[in-house]
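Novice: dropping a prediction and its sequence here:
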Amino acid sequence: MRASIAFLLALALAVAFPAAQTRTAQTLDIYVVDVEGGNATLFVTPSGESVLIDSGNAGAAAVRDANRIMAAVKEAGLTQIDHLITTHWHGDHFGGMAELAARIPIRNFIDHGPNVQPAAAADEFLQKVYPQLYAKGKHTVAIPGDKISVGGLDVLVVTSAGATIKTALPGAGRANPYCASFKPGENNAEDPMSVGTHVTFGAFRTIHLGDLTKNKEFELMCPNNRIGTVDVLLGLHHGVDTSNSEVLVHALRPRVAIMNNGTRKGGQPDVMKTLHSSPGLEDLWQMHFSELSGQEYTVPGMFIANLLDDPPAAMPVAPMSPPQPGPGAPPAPVHNGPAYWIKVSAQTDGSFTVTNARNGFGKTYKATAKPATR
């Protein structure tokens, strides 16, 4: 009789709380998915709520990237995506959205508003496809200062549509010493529109700024550092040198940075110098080896998630210059085989573990006292 009652109770709980809501993990899990130099970063809370930042590449790569995101979704035991943040309207950030939405329900679609860099593919998507997708859920245009409701997390929009938060986060707001040496950079129209999010889980802090460019980094971080410090810096605009200024990276003092680069996209020498000289940085993790870094600036292979299908016998020591864009550009090295993510598992005390799914290598970063100057 007692066994029957226990079985019925377990069955009732299973119906009331689907698998995604009954995770046994007590960690915030972050999956940085390999979408070949695009972006797809999945946050999963202990209660099973989820935030996905971007959905990979467009065109022929959309199915591939949707499948790779779904592999992380299944690993995490999710039955829906609660919030999808599209940082901006470049094809390597929204391209897999329709394919992904065909595989799993998405409840809340968040973006910065209209595309400001006219492009046929993006404009057609926004006119004909996107409204049909968010009609099945909710659509939110993000404004700096907005909070995204996720149980157990504090998810704050810090940049959107070219604007930044004006009030410093609690404990932040000190003068930023790197502002004096800042040099403006170049950018296109859409990257500066990126939706940037700051996530707090107990004492653990991380930030993802999409493809926010140097000039907007300056607006966010100067003359005073409105963000403070973070434990993990995500994305880094693929390691492209139109972003990743000292005024941002050095002021945030990340213990770990995870770069969503491709084999020939990002990881440029100037960015690598900034990262490797950043105060307090313990490790840089990369989605791919970057030919633009060469062996001169790269990290040990155990920190790199994905290999090439046909790797050369030896990697050059010197970094290579990125090829000029256009039809004459040589193709990037092929990687369409197994794709591996980098996973962060964070505790509320501020400690966290980063794991490379390719080789199983993991490293735990113990909780530390936060710097007094933020």
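Specialist: Nice, I can see it.

Novice: and after the one helix or strand in the chain whose mean pLDDT sits lowest, which helix or strand comes next?
Specialist: Within the chain, no helix or strand scores below helix 2-16, which has a mean of 40 by mean pLDDT, DSSP states H and E. Of the helices and strands lying after helix 2-16 in sequence (DSSP states H and E), the nearest is strand 28-32.

Novice: now the helices for the stretch 51-200 of the chain?
Specialist: With helices called from DSSP state H, counting those that start in this stretch, the stretch 51-200 of the chain shows them at 62-76, 91-94, 97-101, 120-124, 130-134.

Novice: name the helices or strands packed onto the third one?
Specialist: The criterion is 3 or more CB pairs under 8 Å, 6 or more residues apart in numbering; DSSP states H and E, and the helices and strands that helix 97-101 contacts are helix 62-76, helix 130-134. C-beta coordinates here come from the backbone N, C-alpha and C atoms, glycine included.

Novice: give me the contacts around it.
Specialist: 55-56, 62-63, 65-66, 69-70, 81, 84, 86, 106, 125, 129-130, 133, 136 (CB atoms under 8 Å, 6 or more residues apart in numbering).

Novice: next one: it to chain centre, how far?
Specialist: Relative to its chain's centre, helix 97-101 lies at 18 Å (CA atoms, centre = their mean, to the nearest Å).

Novice: what's the answer for the first one, then?
Specialist: Taking CA atoms, centre = their mean, one finds helix 62-76 lying 15 Å from the centre of the chain it belongs to.

Novice: poorly predicted segments of the stretch 151-300 of the chain, please.
Specialist: Along the stretch 151-300 of the chain, segments meeting pLDDT under 70 are nowhere present.

Novice: shouldn't Val33 be in contact with Glu75?
Specialist: No: contact criterion CB atoms under 8 Å: Val33 and Glu75 do not qualify, at 10.4 Å.

Novice: would you mind telling me which of the two has more residues around it?
Specialist: Val33 (30 against 15; other CB atoms under 10 Å).

Novice: for the more buried one, what are phi and psi?
Specialist: Note on Val33: its backbone torsions stand at phi -90, psi 140 [degrees, to the nearest 10].

Novice: residue contacts, the closest residue to it other than its chain neighbours?
Specialist: Nearest non-adjacent residue to Val33, counting by CB to CB, 6 or more residues apart in numbering: Ala40, 4.2 Å away. By CB under 8 Å, 6+ apart, Ala40 lies in contact with 32-33, 52-56, 65, 68-69, 96.

Novice: okay, these in CSV with distance to His208 and pLDDT next?
Specialist: Converted to CSV, the contacts of Ala40 look like this (distance: CB to CB, whole Å; pLDDT from 0 to 100):
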residue, distance to His208, pLDDT
Val32, 10, 98
Val33, 13, 98
Leu52, 11, 98
Ile53, 5, 98
Asp54, 9, 98
Ser55, 14, 98
Gly56, 15, 97
Asp65, 17, 96
Arg68, 18, 97
Ile69, 15, 98
Gly96, 17, 98
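
Novice: among these, which one has the most neighbours?
Specialist: The member of the contacts of Ala40 that has the most neighbours, counting by other CB under 10 Å, is Asp54 with 33 neighbours.

Novice: distance of that one relative to Val63?
Specialist: Applying CB to CB, to the nearest Å, the value for Asp54 to Val63 is 16 Å.

Novice: then Thr242 would be within a strand, right?
Specialist: No: counting by DSSP: H, G, I helix; E, B strand; the rest coil, Thr242 falls outside a strand, being coil.

Novice: that one and Asn215 touch, don't they?
Specialist: No: contact between Thr242 and Asn215 fails when scored by CB under 8 Å: they sit 9.1 Å apart.

Novice: what sits in contact with each of the two?
Specialist: 185, 187.

Novice: what does stretch 109-121 contact?
Specialist: 58-59, 83-91, 122-123, 126, 130, 133-134, 137-142, 148, 160-161, 188-190, 193-195.

Novice: strands - which of these land there?
Specialist: Under the assignment DSSP state E, these contribute 83-85, 138-141, 148, 160 to strands.

Novice: so which of those is the closest to Phe204?
Specialist: Nearest to Phe204 among the ones in strands among the contacts of stretch 109-121 is Ile148, at 16.8 Å by CB to CB.

Novice: could you report the pLDDT at that closest one?
Specialist: Here the pLDDT value assigned to Ile148 is 98.

Novice: picking up where we left off before, filter the ones in strands among the contacts of stretch 109-121 to the buried ones?
Specialist: The neighbour count (16 or more other CB atoms under 10 Å) marks 83-85, 140, 148, 160 as buried among the ones in strands among the contacts of stretch 109-121.

Novice: just send these back as a markdown table, with distance to Ala180 too.
Specialist: A markdown table is the format used below for those (distance: CB to CB, whole Å):
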| residue | distance to Ala180 |
| --- | --- |
| His83 | 38 |
| Leu84 | 39 |
| Ile85 | 33 |
| Thr140 | 37 |
| Ile148 | 34 |
| Ser160 | 27 |
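
Novice: nearest to Phe182, out of these: which one, please.
Specialist: Within those, the smallest distance to Phe182 is 22.0 Å, found for Ser160 (CB to CB).

Novice: tell me how far that closest one lies from Val129.
Specialist: For Ser160 relative to Val129 (CB to CB), the value is 22 Å.
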